[in-house]
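A.B. asks: Next comes the sequence, and after it the predicted model I'd like to discuss.
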Amino acid sequence: DLRPADSECTPNVRFLLRTSGTTQLARWIALSDRNVLSVLASHLPHLTLRNARVLSVLPWSHVFGLVLDLFPALLAGAEIIRDPEGGRDPSSLVALGEEWDATHLSAVPLTMQRLLEQEGGPVLLDRLHGGIVGGAPVSGPLADRLSETRLRVGYGQTEAAPGITLGPPGRWAAHYLGQPLGCDVEVADDGELLFEGPNACIGVWRRHEGLDRLDPDRTVRTGDLVRREGEDFFFEGRTDTSFKLSNGRLVRAGAWEGRLKSAYPSLHDALLFTPDGTDLALALCTDRPSEKVPSLDDLRNDLGALGTRLAEVTTVSPEDWTQLPKGTVDRDEMTRRLREADQFN
């Protein structure tokens, strides 16, 4: 017998796809044919997939892998070489790329960084004809290296199916997001990126409640803070990384971290937090010796009026910088570890 339905029918819903949950609690997003087909129509002409051999590592159960990896390859008639390790084993990925003479690879920044550290990985990336790097901001050092390839940056969210911006091949800079594609975008007064268009999801599936339908013609708040330079957009943090000090002062940590990473492109990442509710502490992820990173005085100046609250700065090597699967910093874990460190007691 078929399991009885426990909710109403959901016409126009083609997919329910789960967000990554790295910036907030994971949600199930409802996408329509219009959502997915609009992104394919806007992005596919730019992906140079004719006669391609796509080395596929992204999970097809998530929107990046499904809409910008699997579907374009199928529609273009490309060969698909599926990595059974999902990009977790860089040596296996290099071997597959060499065996099948892969021409395209799309992945998150962490996978690209691992490939660059693997023997044969740089050669593989350099000979690729194309691919998208997305899912997380790209640090300055990684951006410098990717600028020597034909890979391009892509930015979107599950709620955008997931196309909001795309960069030209080989055009890279720290935290670059590309240029708007297939939708209309604007930057709110507080720096948050907003978009509207046929890619805007049609609802959110809530457990025990069913589908919460949304107006497809609405303006969507991404929760991402950006800087705009002409048609180019740069990531500057998340709106939900803010916290308050004990005196009630709001600290938009993500925005400040973005500004510091833009000011010092050699940084892999930065984390601004409060160890005691009163003062601020800053952790910088860098592979350079301590004497080559910004001084405490410089960083205080960079933080403006907040600089007087900056009590401590520490550097952390990339191998000790705890990251989530997409490559973004694990804020909770890193903050816990840093609070327990002697210099922050």
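C.D. replies: Done, it's in.

A.B. asks: contacting residues for D217?
C.D. replies: Applying C-beta atoms under 8 Å, 6 or more residues apart in numbering, we find D217 in contact with 196, 200. (C-beta placed from N, C-alpha, C; glycine too.)

A.B. asks: wait, I meant L338
C.D. replies: 271, 273, 275, 281, 283, 314, 344.

A.B. asks: Likewise for V94?
C.D. replies: Taking C-beta under 8 Å, 6+ apart as the test, what V94 contacts is 115, 118-121, 124.

A.B. asks: Okay, buried residues for stretch 184-200 please.
C.D. replies: Across stretch 184-200, burial judged by 16 or more other C-beta atoms under 10 Å covers 185, 191-193, 195-200.

A.B. asks: Looking at the residues you listed, which is nearest P162?
C.D. replies: N199 (8.0 Å; C-beta to C-beta).

A.B. asks: thinking again about what came up before, just the buried residues from the contacts of L338, in PyMOL please.
C.D. replies: Of the contacts of L338, the buried ones can be selected in PyMOL as follows, counting by 16+ other C-beta under 10 Å:
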select buried, resi 271+273+275+281+283+344
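
A.B. asks: out of the contacts of L338, which are inside strands?
C.D. replies: Under the assignment DSSP state E, the contacts of L338 contribute 271, 273, 281, 283, 314 to strands.

A.B. asks: picking that back up, pLDDT for the contacts of V94 - can I get that in CSV?
C.D. replies: Below are these laid out as CSV (pLDDT from 0 to 100):
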residue, pLDDT
L115, 97
Q118, 96
E119, 97
G120, 97
G121, 97
L124, 98
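
A.B. asks: how close does the residue minimising distance to the centre of the chain get to A188?
C.D. replies: In the chain, the centroid-proximal residue (C-alpha atoms, centre = their mean) is A136; its distance is 1.7 Å. A136 is 22 Å from A188, where distance means C-beta to C-beta, to the nearest Å.

A.B. asks: Where does L55 sit: helix, strand or coil?
C.D. replies: Three-state assignment for L55 (DSSP: H, G, I helix; E, B strand; the rest coil): strand.

A.B. asks: neighbours around the residue lying closest to it once chain neighbours are set aside, how many?
C.D. replies: Spatial nearest neighbour of L55, chain neighbours left out: A102 (3.8 Å); criterion: C-beta to C-beta, 6 or more residues apart in numbering. Look at A102: counted by other C-beta atoms under 10 Å, it has 24 neighbours.

A.B. asks: Turn the contacts of L338 into TSV, including pLDDT.
C.D. replies: Converted to TSV, these look like this (pLDDT from 0 to 100):
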residue	pLDDT
L271	95
F273	94
P275	89
A281	94
A283	95
T314	92
F344	56
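
A.B. asks: Buried residues of stretch 220-230, list them for me.
C.D. replies: Going by 16+ other C-beta under 10 Å, stretch 220-230 has these buried residues: 220, 222-227.

A.B. asks: From the rest of the structure, what touches that stretch?
C.D. replies: 23-24, 157, 159-160, 164, 177, 187-188, 190-196, 200-201, 233-240, 252, 254-255, 258, 262.

A.B. asks: can you give me the helices in the protein?
C.D. replies: Here the chain has its helices, by DSSP state H, at 33-43, 63-65, 71-75, 90-100, 109-116, 121-127, 140-146, 253-263, 296-302, 331-340.

A.B. asks: Please work out which of these is packed deepest.
C.D. replies: helix 63-65 (a mean of 26; mean count of other C-beta atoms under 10 Å).

A.B. asks: who touches that one?
C.D. replies: So helix 63-65 is contacted by 17, 29, 31, 56, 58-59, 106, 134-135, 154, 156, 158, 161-162 (C-beta under 8 Å, 6+ apart).

A.B. asks: what two of those have the greatest distance between them?
C.D. replies: Greatest spatial distance in those: I29 and S56, 21.8 Å, computed using C-beta to C-beta.

A.B. asks: Do I have it right that G121 meets A107?
C.D. replies: No. In this structure, G121 is not within contact of A107 by C-beta atoms under 8 Å, at 11.6 Å.

A.B. asks: Let me know the distance separating the closest residue to R259 other than its chain neighbours from G230.
C.D. replies: Computed as C-beta to C-beta, 6+ apart, the closest residue to R259 that is not its neighbour in sequence is E236, at 6.5 Å. Distance from E236 to G230, counting by C-beta to C-beta: 16 Å.

A.B. asks: count of neighbours near the residue nearest to T10 when sequence neighbours are not counted?
C.D. replies: Distances taken as C-beta to C-beta, 6+ apart put L211 closest to T10, at 4.9 Å, once the chain neighbours are dropped. Applying other C-beta under 10 Å, we find 19 residues neighbouring L211.

A.B. asks: Which positions are bridged to L211 in the beta structure?
C.D. replies: W205 (DSSP bridges).

A.B. asks: quick one: it and W205 touch, right?
C.D. replies: Yes. Counting by C-beta under 8 Å, L211 touches W205, with 5.5 Å between them.

A.B. asks: Identify the contacts common to those two.
C.D. replies: A30.

A.B. asks: hmm, back to that, could you report the pLDDT at the residue nearest to T10?
C.D. replies: The model reports L211 with a pLDDT of 91.

A.B. asks: likewise R3?
C.D. replies: On the pLDDT scale, R3 is placed at 55.

A.B. asks: Distance check, T328 against W205.
C.D. replies: According to C-beta to C-beta, T328 stands 24 Å off from W205.
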